[in-house]
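>>> model the structure of this input:
(one chain, ligands or ions: 2)
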Amino acid sequence: MELDKMDENDWKYHGEGNKSLVVSHLQHCRVLRLLKFPSEDSAHTRQFLASLGTSICNNTAEQAFRHILNIVDYSKYVMKPLLGEKYVHSGEVVKLPLDFVRQLSLKVQQERPELRCDKVMDTFSGCGLCLPNLTQLPLHHLRDHRPPICVEIKPKCGFLPFSRHITKECKRKVCRFCMHQHYKLANGKWKRLSRYCPLDLFSGSKQRMYVALKNLLEEPQNNLKIFKGGELIFSCKDDAKQQPELNDLIQHLRPYFSHSNGLYNGHQPGKAILNEFIQVICSALLSGGDSNRSGEPRKVHLSESRPHCEASPFPRDLLRNGNHGLPKDSVLAKILQVQMLDNLDIEGIYPLYKRVEQYLEEFPKERNRLQIDGPYNESFMDKVKNCPTEDDGSVEYAVGKVHQYRVAMTAKDCSVMITFAPCEEDEEQQLKLEKPRFTYSISILDLDPKPYEGIPHQYKLDTKIVNYYLRSTQAPPPSSLYKERQECTLLFHAV
Ligand SMILES: O=P(O)(O)O[C@@H]1[C@@H](OP(=O)(O)O)[C@H](OP(=O)(O)O)[C@H](O)[C@H](OP(=O)(O)O)[C@H]1OP(=O)(O)O
Ligand SMILES: Nc1ncnc2c1ncn2[C@@H]1O[C@H](COP(=O)(O)OP(=O)(O)OP(=O)(O)O)[C@@H](O)[C@H]1O
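Ligands and ions are numbered 1, 2, ... in the order given. Model prediction:
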């Protein structure tokens, strides 16, 4: 990519989250990730820059540049060692011509979903992050005319907190995602409750994972996206009232599971295709484990807490005490391990945050030594890894636990991308399914640092979610919601 010859016509809108907007290159397997700002901030910044000349402009650009460098360093020196080399692509910071970024911003504006337009793309810093396009597979993997399918899952927190600091008993029984659903519904963020439960996905039980994925397909919200040949083909609708079209998805998937036509001829072939699709995703999520002598992948049982969420729709009588767990090197085991660095829960972290704040008020220069805002390097990682296990009352302990909590928060908000394409029989990395065979790659994305200043907000949000959940589940539920949930339940074949 020649940075001095950047042309907005070579790029197209690819997607966005709360903090960044992503464009993909039309020919190369590359994306650019650009930061976003609340629109008022941007208007202020532009006015500010216009009125105050280039030196301030350079400072602002410099700040944005450092912010993106921080994102890359955090991914490289913190998240990659924790999650594994093979899953993390940190990307590189690139300086972009301002004219290119401005033209690009105008070009993508009409493609952006309305619910994300409260923020605007950064058009003044002139920097972005260049990453491989993970919805595609490297060309040498593709010997088939069918384009790769990519499934992006934002799994969220996969365990129930076990900290002694917890004050509300329901947090030990119902997971944060399931509780949060009620609060999101009340706020109007979503129109229907999702039946997805992260604890099912992280269980390592094929049956429970299957149910979790099926529930994601029925109500993807912002937890599931599907791409074909790099194009988004399935996600939540811009109008949150509308349900995504499963029939369209089936048509897209049919050529990949064509043998199903024969197998299930005349007998709900669409559902059979979705069944197989889910099984491919499950196999990918469970892959990556090393083998012990018996050839069985080594399992890890990470959860110190109850392994089942009481709000999950998975039938309780099907919960067996079987030796499930996730294969040690599987992507979900890696993510869960990092999520569980939060072993005090926000209720235990908040007082430690206040201890740090008090200390910084007295010794503001210590902020740098304690690496509150980075740099995210080996020394930061040391603080995360070598934090004392017992509270000795020190600021070092408090900072270590706060750092661990922030790292865990990143893992609770990251996404997994599984990209697969049909392959020939002799491909090396294949999912062990009878038929069809796929070559695949798995990556973890959105590994940005979570701000230290966000901790008071997290504390308040936690209280709101729990209180709202208790209130809404104690009162009889509005009957229409439950009706909708039942109506949208598909009948899948058991696995
Ligand atoms: O707090 P949560 O659990 O709602 O997570 C936020 C996400 O909401 P979700 O519940 O997944 O719909 C939220 O996602 P959406 O914008 O709702 O798609 C962001 O990922 C947010 O992170 P950040 O502030 O952009 O760094 C996330 O905030 P963090 O808590 O990870 O900082
Ligand atoms: N390297 C990549 N390759 C392909 N697609 C990507 C890549 N990085 C991001 N995307 C797409 O862009 C979307 C937005 O990116 P990302 O999740 O990093 O945004 P964000 O604003 O940081 O998210 P959040 O809302 O969690 O803060 C992703 O959901 C994904 O579909």
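>>> contacts and neighbour counts: CA atoms only from here.
Fine.
>>> give me the residue from the stretch 301-450 of the chain nearest ligand 2.
Nearest residue of the stretch 301-450 of the chain to ligand 2, counting by C-alpha to the nearest ligand atom: Asp446, 4.1 Å away.
>>> spatially, what comes nearest to that residue if we skip its sequence neighbours?
Nearest residue to Asp446, sequence neighbours excluded (C-alpha to C-alpha, 6 or more residues apart in numbering): Cys414, at 5.1 Å.
>>> what number of residues lie near that neighbour?
18 (other C-alpha atoms under 10 Å).
>>> mind listing what the residue in the stretch 351-495 of the chain that ligand 1 sits nearest to touches?
Residue of the stretch 351-495 of the chain nearest ligand 1, by C-alpha to the nearest ligand atom: Asp413 (4.9 Å). Taking C-alpha atoms under 8 Å, 6 or more residues apart in numbering, we find Asp413 in contact with Lys154, Pro155, Lys156, Cys157, Asp446.
>>> likewise for Ile372?
Applying C-alpha under 8 Å, 6+ apart, the residues contacting Ile372 are Val399, Tyr452.
>>> pairing partners for it in the sheet, please.
Gly374 (DSSP bridges).
>>> and Tyr13, backbone torsions?
phi -60, psi 130 (degrees, to the nearest 10).
>>> and the spatially closest residue to it that is not a sequence neighbour, how far from ligand 2?
Using C-alpha to C-alpha, 6+ apart and skipping residues adjacent in sequence, the residue nearest Tyr13 is Val23, 4.6 Å away. According to C-alpha to the nearest ligand atom, to the nearest Å, Val23 and ligand 2 sit 8 Å apart.
>>> okay, now Ile335: neighbour count?
Other residues close to Ile335 by other C-alpha under 10 Å number 28.
>>> so what's Lys432 scoring on pLDDT?
Per-residue confidence (pLDDT) for Lys432: 50.
>>> how far out from the middle of the chain is stretch 390-409?
24 Å (C-alpha atoms, centre = their mean, to the nearest Å).
>>> what does that stretch contact?
In contact with stretch 390-409 (C-alpha under 8 Å, 6+ apart) are residues 79, 338-342, 349, 352-353, 355-356, 359, 370, 372, 383-384, 386-388, 449-452.
>>> what residues does the stretch 101-250 of the chain have near ligand 2?
Within reach of ligand 2 by C-alpha under 6 Å from any ligand atom, the stretch 101-250 of the chain has these residues: Leu131, Pro132, Asn133, Leu134, Thr135.
>>> report the two of these separated the most.
Farthest pair in these (C-alpha to C-alpha) is Leu131 and Thr135. Separation: 11.3 Å.
>>> between those two, which one's more packed in?
Per other C-alpha under 10 Å, whichever of Leu131 and Thr135 has more neighbours is Thr135, with 27 against 18.
>>> could you check the pLDDT of that one?
97.
>>> dihedrals phi and psi, it?
Torsion angles, degrees, to the nearest 10, at Thr135: phi -80, psi -10.
>>> residues touching it, list them.
Here Thr135 is in contact with Pro148, Ile149, Cys150, Phe227, Lys228, Gly229, Gly230, Met417, Thr419 (criterion: C-alpha under 8 Å, 6+ apart).
>>> farthest-separated two in the residues you listed?
Checking the contacts of Thr135 with C-alpha to C-alpha, the most distant pair is Gly229 and Met417, at 13.7 Å.
>>> could you look up the SS state of Val120?
strand (DSSP: H, G, I helix; E, B strand; the rest coil).
>>> just the strands in the stretch 1-150 of the chain please.
11-16, 20-25, 30-38, 92-95, 119-121, 127-132, 149-153 (DSSP state E, counting those that start in this stretch).
>>> how about those strands in CSV, adding mean pLDDT?
Shown next, in CSV, are these (pLDDT from 0 to 100):
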stretch, mean pLDDT
strand 11-16, 97
strand 20-25, 97
strand 30-38, 93
strand 92-95, 94
strand 119-121, 93
strand 127-132, 95
strand 149-153, 97
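>>> could you dump those into a markdown table and include distance to ligand 1?
As requested, these are exported to a markdown table (distance: least, C-alpha to the nearest ligand atom, whole Å):
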| stretch | distance to ligand 1 |
| --- | --- |
| strand 11-16 | 9 |
| strand 20-25 | 8 |
| strand 30-38 | 10 |
| strand 92-95 | 19 |
| strand 119-121 | 11 |
| strand 127-132 | 16 |
| strand 149-153 | 11 |
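>>> which of the ones you listed sits most buried?
strand 149-153 (a mean of 24; mean count of other C-alpha atoms under 10 Å).
>>> pLDDT wise, what is the closest residue to Leu104 other than its chain neighbours at?
Computed as C-alpha to C-alpha, 6+ apart, the closest residue to Leu104 that is not its neighbour in sequence is Glu8, at 5.1 Å. Per-residue pLDDT puts Glu8 at 93.
>>> tell me how many other residues surround Glu8.
19.
>>> now do Lys5
10.
>>> and what of Phe314?
Using other C-alpha under 10 Å: Phe314 sits among 20 other residues.
>>> returning to what we had before: how about the residue nearest to Leu104, what does it touch?
By C-alpha under 8 Å, 6+ apart, the neighbours of Glu8 are Phe100, Val101, Gln103, Leu104, Lys107.
>>> contacts only, for the second one.
Listed by C-alpha under 8 Å, 6+ apart, the contact partners of Val101 are Glu8, Thr123, Gly126.
>>> report pLDDT for it.
95.
>>> how about the fourth one?
For Leu104, the model assigns a pLDDT of 97.
>>> measure it to ligand 2 for me?
Distance from Leu104 to ligand 2, by C-alpha to the nearest ligand atom: 16 Å.
>>> helices along the stretch 201-350 of the chain, start to end?
206-218, 246-253, 259-263, 269-286, 331-339, 345-362 (DSSP state H, counting those that start in this stretch).
>>> reformat the ones you listed as JSON lines; add mean pLDDT.
Shown next, in JSON lines, are these (pLDDT from 0 to 100):
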{"stretch": "helix 206-218", "mean pLDDT": "96"}
{"stretch": "helix 246-253", "mean pLDDT": "93"}
{"stretch": "helix 259-263", "mean pLDDT": "53"}
{"stretch": "helix 269-286", "mean pLDDT": "93"}
{"stretch": "helix 331-339", "mean pLDDT": "97"}
{"stretch": "helix 345-362", "mean pLDDT": "98"}
